[in-house]
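In: This is a predicted model, with the sequence first.
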Amino acid sequence: MSEEAGDSAGRPTLRVVSGGSVPARREDEALVAAFLVGDDDAFAELIRRHELLVMKIVRRYARTQEDARDLCQRTFLRAFEAARRAVASSRHLLSGKPDFAFKAWLVRIAVNLAKNHRRDEGRARRAPFEEAEAIPAGSPQAALDAVVEAESAARMRQAVTALPRRQREVLTLRIDGELPFAEIAEALGTTENSAKVTFHHATRKLREILEEKPS
Amino acid sequence: MKSPVREACPEEEVAISLHAAGALEADEVAKLMAHLQGCAPCRSVLASSARALGLARLPPVSESERRALSDLPDRVLGDLRGRIGRRRLVFRVSTLAAAAAAILVALASPVLLRKPLDKTVAVTQPMAAAETRPLEVVAQNDWQPDLDELWNASDALDVDSTEAQGSMDEAVVGSYDASLGD
């Protein structure tokens, strides 16, 4: 995705992501059910389907790649524990079919674990992706522009971490996780419209910081 | 002195933020575009919002990050099997302990059933009628690890209550709902 501001017609620079589908959810349930009766291939398939999403969510809060990988591992572990418990409950209650949204659980768990990791680590220093990027060779003006752009990006990313918690969660699930607002709402236990309004508040805050021009 | 922050038309500001994130449906985009054609402040806010979101967004997941995920299924499976194995071991030990306690109670029950069940039971032995010795019976409690408690101790699925944006958010949601009906 281009990080430019968009063209004069105001076309968005973030790509449109379609909503989650019912068949996808049923496939997740089938894979979980298969794993719980011993199908390790189903287990691997389920992780492969969602590992990139989880990584995109947690990496903003991890200092190192190892931290991010560990957060991914713990996220899947807890999600499988929750699924196992849901299946066991459905058998106990003789309700037959377990009812769980594995992807929504994954997202929620990833958000919570990342939040806790950030709190516990007391991030005093920048994450690797916030370190100064290499200045491209070229004219002095191009180099200066690159430095200014990098500083603006660092300022925006710092501003994201300083957002109120719910605004930060909704914003990062959209711009990092590239999730549709329906799925964001499901994961966070709110309505789609509320998630959209929260996203607007977060965007407005970032825009205000970007446009601040102190004397 | 700071420059004033540009403001969008109130009825379009949410749609502008969503459009900057590519989240509008086709009909919503068309409606917004029609407005933007005649509104320079809203166009400016859209451009600024898109730029802010673009700068805030992280770089794409790198190859080294993808490689770090290559053995994730094996790691998670190993961890999960280990946890299940430990729980089964604890369950087996506790089940054996409960079974042993049940056997002890069963062996002692012919004596216990002579008298109404009480914590203190007097046992008389025919060969030593002059001598009685109270036999204290303490109920054995079954113990099993409560897996639900182990899970509940985790806050993994906690969804904290929505922050108190409160009545302001509700009012904006209401007006946004109303605008969708236009």
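Out: Structure received. Fair warning: this is a prediction, and the values are worked out from it, not measured in the lab.
In: Do me a favour and get the end-to-end distance for stretch B:25-44?
Out: End-to-end distance for stretch B:25-44: 21 Å, by Cα to Cα, to the nearest Å.
In: May I see the buried residues of that stretch?
Out: Using 16 or more other Cβ atoms under 10 Å in any protein chain shown as the test for burial, stretch B:25-44 gives B:29, B:31, B:32, B:35, B:36, B:39, B:42, B:43. C-beta: built from backbone N, CA, C; applies to glycine.
In: Please, where are all the helices along chain A?
Out: Using DSSP state H, the helices of chain A run over A:22-36, A:40-58, A:65-92, A:102-121, A:140-162, A:165-175, A:181-188, A:192-211.
In: mind checking which of those is nearest residue B:50?
Out: With Cβ to Cβ as the measure, helix A:192-211 is the member of these nearest residue B:50 (9.4 Å).
In: how near is the most centrally placed residue in chain A to residue A:149?
Out: Residue closest to the mean C-alpha point of chain A, counted by Cα atoms, centre = their mean, is residue A:57 at 2.7 Å. Distance, residue A:57 to residue A:149, using Cβ to Cβ, to the nearest Å: 25 Å.
In: Pull the number of nearby residues for residue A:46.
Out: Using other Cβ atoms under 10 Å in any protein chain shown, residue A:46 has 26 other residues around it.
In: Find the nearest non-adjacent residue to it, please.
Out: Distances taken as Cβ to Cβ, 6 or more residues apart in numbering or on different chains put residue A:31 closest to residue A:46, at 4.3 Å, once the chain neighbours are dropped.
In: shaky segments in chain A?
Out: Along chain A, segments meeting pLDDT under 70 span A:1-22, A:90-100, A:122-137, A:213-215.
In: For the host helix or strand of residue B:109, name the packing helices and strands.
Out: Counting by DSSP states H and E, the element that carries residue B:109 is helix B:72-112. With contacts defined as 3 or more Cβ pairs under 8 Å, 6 or more residues apart in numbering or on different chains; DSSP states H and E, the packing partners of helix B:72-112 are helix A:40-58, helix A:65-92, strand B:120-124.
In: With respect to residue A:206, which of the ones you listed lies nearest?
Out: Here helix A:40-58 is closest among those (Cβ to Cβ), at 18.5 Å.
In: for that closest one, which positions count as buried?
Out: A:42-47, A:49-51, A:53-58.
In: Report the angle between the helix holding residue B:109 and helix A:40-58.
Out: Interaxial angle, helix B:72-112 versus helix A:40-58 (axes from the mean of the first three to the mean of the last three Cα atoms, to 10 degrees): 110 degrees.
In: Report the mean per-residue pLDDT for helix B:72-112.
Out: Helix B:72-112 shows a mean pLDDT of 78.
In: That one relative to helix A:65-92, how many degrees between them?
Out: Going by the same axes, to 10 degrees, helix B:72-112 makes 40 degrees with helix A:65-92.
In: Done for today, thanks.
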